[in-house]
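A.B. asks: no sequence on this one, just coordinates:
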């Protein structure tokens, strides 16, 4: 207390890192809850009340009030960052227009991408724009790529392909958890990328499941605040988070586009395998 200026007896509560705290902040507490965090990176947090381990997942066993739970993780290092890269390098017109017309640059790009049909008319994007990728890929050579580009494609096609590419990667991550025995009972979209209505719909369509979106979710800081509240006794339990969240929006998949997205997802997986040696050679 002498070094920090805090009064003696001030409670000190351990917090957590961003992904688990974002999951806690949307009430991901029950067996089979999944928080899909569309931030700069994509982090998928799987809550399990029993040990469902896999080398394809990052597994964090932990104890909460005597209950042994498991938080498992998969992710894509550049999810929202891909979209930011597009805005900064290919969306400068929208970035300039946005403040003049009172709209966000991403909203303008979304509006253009909405005019492109699912599948981006033959474009597919690998959203791995760092060199290397973590769980469930565990590939230090994996990179990004845009396949199928023709003179008939424009920026709007490429932007939609970026959104779809992240969704293919999300499906790949979720399937790795399913293979480990994780039930996917309730999927919640959180963080900045989830504010995009178009991206939310693409995620639900590609993955093929209903997802929940919480407009008022504020992410990891709320999860840490909940930890502190429980620790000092001003909050009765972690379940109190459900009363803080407000409206839940359902995002239902469009069954009409399922065959197309299933086919494109199979292509995505083939590209991961086919490009492995090429990415390794690129160094």
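C.D. replies: Good, I have the coordinates. Small disclaimer: the values here were computed from a predicted structure and weren't measured. Numbers count the residues shown, from 1 in each chain.
A.B. asks: tell me what the helix or strand where residue 45 lies is packed against?
C.D. replies: Assessed by DSSP states H and E, residue 45 sits inside strand 42-48. Here strand 42-48 touches helix 18-25, strand 33-38, strand 67-76, helix 155-179, going by 3 or more CB pairs under 8 Å, 6 or more residues apart in numbering; DSSP states H and E. In this view, the C-beta of every residue, glycine as well, is placed from N, C-alpha and C.
A.B. asks: What mean pLDDT does the longest one get?
C.D. replies: So the one you mean is helix 155-179. When pLDDT is averaged over helix 155-179, the result is 99.
A.B. asks: do the third one as well
C.D. replies: When pLDDT is averaged over strand 67-76, the result is 90.
A.B. asks: for the shortest one, same thing?
C.D. replies: Averaging pLDDT along strand 33-38 gives 96.
A.B. asks: elements contacting that strand?
C.D. replies: By 3+ CB pairs under 8 Å, 6+ apart, strand 33-38 packs against helix 18-25, strand 42-48, helix 155-179, strand 186-190, helix 197-207.
A.B. asks: That strand vs strand 42-48, what angle?
C.D. replies: Strand 33-38 and strand 42-48 are oriented at 170 degrees to each other (axes from the mean of the first three to the mean of the last three CA atoms, to 10 degrees).
A.B. asks: Not counting its own residues, what contacts strand 33-38?
C.D. replies: 19, 22-23, 26-28, 42-47, 79-80, 166, 170, 174, 177, 182, 184-194, 199, 203, 211 (CB atoms under 8 Å, 6 or more residues apart in numbering).
A.B. asks: on that earlier part again, save the helices and strands packed on strand 33-38 as JSON lines, and put in mean neighbour count and distance to residue 231 too.
C.D. replies: Listed next are the helices and strands packed on strand 33-38 as JSON lines, based on neighbours: other CB atoms under 10 Å; distance: least, CB to CB, whole Å:
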{"stretch": "helix 18-25", "mean neighbour count": "24", "distance to residue 231": "13"}
{"stretch": "strand 42-48", "mean neighbour count": "26", "distance to residue 231": "20"}
{"stretch": "helix 155-179", "mean neighbour count": "23", "distance to residue 231": "29"}
{"stretch": "strand 186-190", "mean neighbour count": "24", "distance to residue 231": "23"}
{"stretch": "helix 197-207", "mean neighbour count": "22", "distance to residue 231": "34"}
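A.B. asks: Nearest to residue 103, out of the ones you listed?
C.D. replies: Set against residue 103 and scored by CB to CB, the helices and strands packed on strand 33-38 come closest in helix 197-207, at 13.7 Å.
A.B. asks: Next SSE downstream of the closest one?
C.D. replies: Counting by DSSP H and E, the element after helix 197-207 in chain order, helix or strand, is strand 211-213.
A.B. asks: in the following helix or strand past that following strand, what's buried?
C.D. replies: Downstream of strand 211-213, the first helix or strand assigned by DSSP H and E is helix 220-232. For helix 220-232, burial by neighbour count (16 or more other CB atoms under 10 Å) applies to 220, 222-230.
A.B. asks: pLDDT wise, what is residue 63 at?
C.D. replies: Looking at residue 63, the pLDDT reads 64.
A.B. asks: how near is residue 150 to residue 123?
C.D. replies: Residue 150 sits 9 Å away from residue 123, going by CB to CB, to the nearest Å.
A.B. asks: Ok, residue 69 next?
C.D. replies: Counting by CB to CB - residue 69 and residue 123 are separated by 41 Å.
A.B. asks: Who has more neighbours out of the two?
C.D. replies: Applying other CB atoms under 10 Å to residue 69 and residue 123 shows that residue 123 carries more neighbours, namely 21 against 17.
A.B. asks: If we ignore the residues flanking it in sequence, what's nearest that one?
C.D. replies: Leaving aside its chain neighbours, residue 123 sits nearest to residue 161 (4.0 Å; criterion: CB to CB, 6 or more residues apart in numbering).
A.B. asks: Show the subsequent helix or strand relative to the helix or strand harbouring residue 263.
C.D. replies: Here residue 263, judged by DSSP H and E, is contained in helix 258-274. As assigned by DSSP H and E, the chain's next helix or strand after helix 258-274 is helix 276-282.
A.B. asks: Show me what counts as buried in that following helix.
C.D. replies: residue 279.
A.B. asks: what sits up against it?
C.D. replies: Outside helix 276-282, the residues touching it (CB under 8 Å, 6+ apart) are 139, 141-143.
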